[in-house]
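>>> just coords:
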C-alpha cells in the first residue's frame with residue numbers, strides 16, 4: 001500500500017474507533033427532546049404589581065428569564081426551552097422531567113433571602129396585627145418543631161438580604177443537611193456588623209416571607225460565612241442551595257399553565273421519524289448503487305459512515321435529538337449523496353477527455369472540492385444563525401445540520417477518495433464504471 005494510503009487508513013480507523021467509543025451505549029449518550037420523550041411544560045406570568053420601585057417590567061422580565069435559565073441549568077435539564085412571550089410571560093419546556101412538582105417549586109419560587117431581627121418579648125402579636133405597633137409583621141414558621149409557635153414576630157425591614165450572596169451549597173452535619181452560604185466582601189462586612197450588634201438576640205432567616213429558622217446569635221460572625229438550618233430533607237436543602245445560587249426573582253411568578261407531556265406522542269414521532277429515515281436511506285442507496293454501479297457502492301459506504309459519525313457527534317456533544325433533529329438527519333442523507341454526485345460527474349467528465357483512471361479520479365475530486373465546500377459553507381452559516389438565534393427544537397435542528405455537514409464532507413471527500421485510491425492502486429485499472437455507460 002502506498003505511503004499516502006497508509007496514513008489515511010490510520011486516520012479513518014482512529015476516527016471510527018473514537019466514534020464507537022463515543023456512541024456506546026446510545027441509550028445513555030443520546031438524549032431526546034420534549035417532543036420525543038415527554039416532560040414538563042409550564043407557563044408563568046410575572047406579578048408586575050409587586051415589582052420593586054424603579055424596576056421596569058422589561059428589565060424585570062429579562063432578569064427573571066436569566067435567573068430561571070440558571071436554575072434550570074443547575075437542575076440538570078438538557079436542552080430546555082425557556083422563552084419570553086409578550087412583556088412578562090414565560091414559557092418553559094423541560095424534556096425528560098418527571099417530577100413536575102419539584103421543577104415547579106424550583107422555578108416558581110422567588111427565593112428572596114432576608115435576615116430580620118426577631119421582635120422583643122414585649123411586642124405582642126395582637127398589637128402587631130391590629131396595627132397598634134408598627135414596623136413589625138407576623139410570619140409563618142416553615143415546618144415548626146412540635147411544641148413551638150407556628151408564627152413569629154419579626155421586623156418588617158430586612159437587616160440584610162441575599163443581594164450580596166456569593167455562593168450557597170448543601171452540607172451535612174450531625175443534625176442532618178443544611179445550606180452553607182458565603183457573602184461577598186460587602187455582604188460579609190454587613191453580616192459581621194449585624195451579628196456583632198445583636199449578640200444574644202434572635203435573627204430570623206426568611207425566604208419568601210417564610211421563616212426557615214431563627215437562631216440566637218451567640219457571638220459575632222465574621223468572614224462572610226453562615227449557614228441555614230431547618231427541618232430539611234436532602235432534596236429540600238439541595239434545591240434551596242440551587243435557588244439561592246441562581247438568585248432571587250425580581251418579583252413573584254404566577255403560574256398560568258402546567259402540564260406533563262406524555263411519552264406516547266414521542267414514541268409515535270420516533271417511529272415515524274425512523275421509518276422516514278430508513279425509507280430515505282434505502283431509496284437513496286438503491287438509486288446510487290443502480291445508477292453509479294461501483295462508484296455507487298462507494299457512495300453508499302460513505303453515506304453509512306456519514307450517519308455513523310453524525311450520531312457519534314450528537315452523543316459526544318451531549319446534544320438532544322428532537323423531531324426537527326430527525327429532519328436534519330434525513331436532510332444529511334441528501335447532502336451526502338449530493339457531494340458524491342458532484343464528484344462522480346466530474347470524474348465522468350475527466351474520463352470522457354481520455355485521461356487515465358487514477359488521474360481522472362484525482363482530478364475529479366480536486367475539481368469538485370471547491371464547488372462542494374462553497375455550497376456546504378453557506379449551509380453551515382445558515383445553521384449557525386439558526387443555532388444562535390433559535391431556541392429548543394430549532395437549535396436541535398441546527399446542531400444536527402452542522403454535524404451532518406461536517407460528517408458528510410469527511411466521508412464523501414476524504415473516505416470516498418481513499419476508497420477510490422485503494423481500488424485503483426490494487427492493479428493497473430484501465431477502465432471504471434461511473435454510471436450506465438463505460439468510461440475509459
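Thanks, I have it. None of these values were measured; they are calculated from a predicted model.
>>> which strand or helix spans residue 172?
Here residue 172 is covered by strand 165-173, with elements defined by DSSP states H and E.
>>> who touches that strand?
Here strand 165-173 makes contact (Cβ atoms under 8 Å, 6 or more residues apart in numbering) with 113, 177-184, 187, 224, 227, 234, 237-238, 240-242, 244-245, 247. Yep, even glycine has a C-beta here, placed from its N, CA and C like the rest.
>>> likewise stretch 305-316?
Outside of stretch 305-316, the residues within contact range by Cβ under 8 Å, 6+ apart are 15-16, 18-20, 22-23, 26, 29-30, 281, 319, 321, 325, 329, 332-333, 336, 399-400, 403-404, 406-408, 410-412, 415.
>>> give me the low-pLDDT residue ranges for the stretch 151-300 of the chain?
Low-confidence segments of the stretch 151-300 of the chain, defined by pLDDT under 70, span residues 261-267, 269-270.
>>> can you show me the helices along it?
185-197, 234-246, 263-316 (DSSP state H, counting those that start in this stretch).
>>> closest one to residue 421 among those?
The closest of the helices of the stretch 151-300 of the chain to residue 421 is helix 263-316. By Cβ to Cβ, the value is 10.9 Å.
>>> any idea how far the closest one is from the chain center?
The chain centre lies 26 Å from the centre of helix 263-316; the measure is Cα atoms, centre = their mean, to the nearest Å.
>>> for stretch 177-186, same thing?
Using Cα atoms, centre = their mean, the offset of stretch 177-186 from its chain centre is 28 Å.
>>> give the ChimeraX command for selecting the buried subset of the contacts of strand 165-173.
Of those, the buried ones go into a single ChimeraX selection, burial set by 16 or more other Cβ atoms under 10 Å:
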select :113,177,178,179,180,181,182,183,187,224,237,238,240,241,242,244,245,247
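>>> hang on, the earlier thing: right, so the helices of the stretch 151-300 of the chain: which one is the most enclosed?
Mean neighbour count, computed with mean count of other Cβ atoms under 10 Å, is highest for helix 234-246 among those, reaching a mean of 20.
>>> residues contacting that helix, please?
Outside helix 234-246, the residues touching it (Cβ under 8 Å, 6+ apart) are 67, 70-71, 74-75, 102, 105-106, 109, 111, 113, 162, 165, 167-170, 177-179, 181, 207, 228, 232.
>>> same question for stretch 415-425.
Here stretch 415-425 makes contact (Cβ under 8 Å, 6+ apart) with 1-2, 4-5, 8-9, 12, 294-295, 298-299, 301-302, 305, 340, 343, 357-358, 361-362, 365, 429, 432.
>>> now, the contacts of stretch 305-316 that are in strands?
Counting by DSSP state E, the contacts of stretch 305-316 place residue 321 in strands.
>>> pull out the buried members of the contacts of stretch 305-316.
The neighbour-count criterion (16+ other Cβ under 10 Å) marks 15, 19, 22-23, 29-30, 281, 319, 321, 325, 329, 332-333, 336, 399-400, 403-404, 406-408, 410-412, 415 among the contacts of stretch 305-316 as buried.
>>> so which of those sit within helices?
15, 19, 22-23, 29, 281, 325, 329, 332-333, 336, 399-400, 403-404, 406-408 (DSSP state H).
>>> returning to what we had before: buried residues in the strand holding residue 172?
Going by neighbour count (16+ other Cβ under 10 Å), the buried part of strand 165-173 is 165, 168, 170.
>>> distance of the second one from residue 237?
In this view, residue 168 and residue 237 are 10 Å apart by Cβ to Cβ, to the nearest Å.
>>> residue 344 reaches residue 293, doesn't it?
No - counting by Cβ atoms under 8 Å, residue 344 does not reach residue 293; the two are 10.1 Å apart.
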